[in-house]
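> A predicted structure for the sequence below; I have some questions about it.
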There are 2 protein chains.
Amino acid sequence: MLIREATAADWPAIWPFFHTIVAAGETYTYPRDLDEATGREMWLLAPPGRTVVAVDDAGTVLGTAKMNPNHMGAAAHIASASFMVDPQCAGRGVGRALGEHVLAWARAEGYRAMQFNAVVETNTRAVALWRSLGFTVMTTLPEGFHHPTKGYVGLHIMYQQF
Amino acid sequence: MLIREATAADWPAIWPFFHTIVAAGETYTYPRDLDEATGREMWLLAPPGRTVVAVDDAGTVLGTAKMNPNHMGAAAHIASASFMVDPQCAGRGVGRALGEHVLAWARAEGYRAMQFNAVVETNTRAVALWRSLGFTVMTTLPEGFHHPTKGYVGLHIMYQQF
């Protein structure tokens, strides 16, 4: 698996699983009916943000991550990141590899911490993965997320300092 | 004191104290050198956001608040808000009146909660005011804010459900 900069040419490979994940509405605070052009604009970031893809030996896109400052000004030393892994590639360590990559990027760029603003508490695989990569659940906003089948569930804010 | 919708015509009255507060760099996660055009764009919101001013009997602008969804999609029922009170008008209850106004707005609009993403812990007057209006400090991001004289201080995330 290789992680490299995403380009505009990668978007057609990203959109199908990106759309599947967003339309399911279980893990992301994006509108479920997000259209492709808006999704692309939200996901493919210009500096100081950055977007990468994880690809296999054949060049197939397995997943993607975007990373960016979480705040401006006097809190701009806190980074953020978001991840999408093709559900067909689950269990192959793609999310972990992307997580390690964005943490290394943030350290190299001089960020002092990374904050995830909205991790759905029922997304237990993601929560466990981020914990294993050093993140702490700082708080859970009660009923912060309206899950399509589970109703109102908590929204974790996860954080780690470097 | 009257609280009413802000219009473009109010901006010249807002900018002087807005600029003073942002340039001081003690309470807001905005770039301290924020220019007027960018500030105006960030502050005067279009629907579903909304911006108001508090004015006295002579029509002088004492303070301002903006309010908006804090998240999208399945978390769009959480509102956010930001406040600026002219330091020359401190102690007159302007911040409290604006806080009560935005909470009433959020309830009326059907939001289920309000979340403040970045309240600087050394801004003790604001923290006490929001507590008195029903907010709880859910967590404090350690060293989340680089204060110009106090160094790295904590950044509170405050929340209240309706």
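That came in fine, so what should we check first?
> show me which residues of chain A are close to chain B?
Within chain A, the positions near chain B by Cβ under 8 Å from any Cβ of the partner chain are A:25, A:28-32, A:71-78, A:112-113, A:115, A:117-118, A:138-139, A:141-148, A:152, A:155, A:157, A:159, A:161. C-beta coordinates here come from the backbone N, C-alpha and C atoms, glycine included.
> just the buried residues from these, in PyMOL please.
Applied in PyMOL, the following selects the buried portion of the residues of chain A next to chain B according to 16 or more other Cβ atoms under 10 Å in any protein chain shown:
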select buried, chain A and resi 25+28+29+30+31+71+73+74+75+76+77+78+112+113+115+117+118+138+139+141+143+144+145+146+147+155+157+159+161
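> sort out for me which of the residues of chain A next to chain B are in strands.
Judged by DSSP state E, these include A:78, A:113, A:115, A:117-118, A:138-139, A:141-147, A:152, A:155, A:157, A:159, A:161 as members of strands.
> tell me the centre residue of chain A?
The C-alpha lying nearest the average C-alpha coordinate of chain A belongs to residue A:82 (Cα atoms, centre = their mean; 1.7 Å).
> what sits against that one?
Neighbour list for residue A:82: A:65, A:66 [criterion: Cβ atoms under 8 Å, 6 or more residues apart in numbering or on different chains].
> and it, helix, strand or coil?
Here residue A:82 is strand, with the state taken from DSSP: H, G, I helix; E, B strand; the rest coil.
> who's it bridged to?
For residue A:82, the beta-bridge partners are residue A:66 (DSSP bridges).
> just the helices in chain A please.
In chain A, the helices defined using DSSP state H lie at A:11-24, A:36-43, A:94-108, A:124-132.
> helices or strands up against the first one?
Read it as helix A:11-24. helix A:36-43, strand A:61-69, strand A:78-85 (3 or more Cβ pairs under 8 Å, 6 or more residues apart in numbering or on different chains; DSSP states H and E).
> same check, this time on the second one
Under the contact criterion of 3+ Cβ pairs under 8 Å, 6+ apart, the helices and strands touching helix A:36-43 comprise helix A:11-24.
> residues in contact with the helix it packs on?
Here helix A:11-24 has contacts from A:6, A:27-28, A:30-34, A:36, A:39-40, A:43-44, A:53, A:60-61, A:64, A:84-88, A:148, using Cβ under 8 Å, 6+ apart.
> and the angle from that helix to strand A:78-85?
Per axes from the mean of the first three to the mean of the last three Cα atoms, to 10 degrees, the angle that helix A:11-24 makes with strand A:78-85 is 90 degrees.
> ok, residue A:66 touching residue A:48?
No. With contact defined as Cβ atoms under 8 Å, residue A:66 and residue A:48 do not form a contacting pair (11.7 Å).
> more neighbours, the two?
More neighbours surround residue A:66 than the other of residue A:66 and residue A:48, with 20 against 11 (other Cβ atoms under 10 Å in any protein chain shown).
> residue contacts, that one?
Applying Cβ under 8 Å, 6+ apart, the residues contacting residue A:66 are A:43, A:44, A:45, A:49, A:50, A:51, A:52, A:81, A:82.
> mind checking which of the residues you listed are buried?
Neighbour-count burial (16+ other Cβ under 10 Å) applied to the contacts of residue A:66 gives A:43, A:44, A:50, A:51, A:52, A:81, A:82.
> now these in a markdown table, with pLDDT and distance to residue B:126?
Listed next are the buried ones among the contacts of residue A:66 as a markdown table, based on pLDDT from 0 to 100; distance: Cβ to Cβ, whole Å:
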| residue | pLDDT | distance to residue B:126 |
| --- | --- | --- |
| A:43 | 98 | 34 |
| A:44 | 98 | 36 |
| A:50 | 98 | 33 |
| A:51 | 98 | 35 |
| A:52 | 98 | 38 |
| A:81 | 98 | 29 |
| A:82 | 98 | 29 |
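> in those, find the pair that's most separated.
A:44 and A:81 (14.3 Å; Cβ to Cβ).
> and the closest residue to residue A:25 other than its chain neighbours, what are its phi and psi?
Leaving aside its sequence neighbours, residue A:25 sits nearest to residue A:32 (Cβ to Cβ, 6 or more residues apart in numbering or on different chains; 4.4 Å). With angles defined as degrees, to the nearest 10, residue A:32 sits at phi -60, psi -30.
> show me what contacts residue A:32?
Residue A:32 makes contact with A:22, A:23, A:24, A:25, B:73, B:74 under the criterion Cβ under 8 Å, 6+ apart.
> got a pLDDT number for it?
On pLDDT, residue A:32 comes in at 97.
> and what of residue A:90?
At residue A:90, pLDDT is 89.
> before we move on, back to that, out of the contacts of residue A:66, who's nearest residue B:99?
Sorting those by how near they are to residue B:99, with Cβ to Cβ, puts residue A:82 at the top with 31.2 Å.
> separation between the closest one and residue B:58?
Noted for residue A:82: a distance of 48 Å to residue B:58, by Cβ to Cβ, to the nearest Å.
> same question for residue A:20.
Separation of residue A:20 from residue B:58 (Cβ to Cβ): 58 Å.
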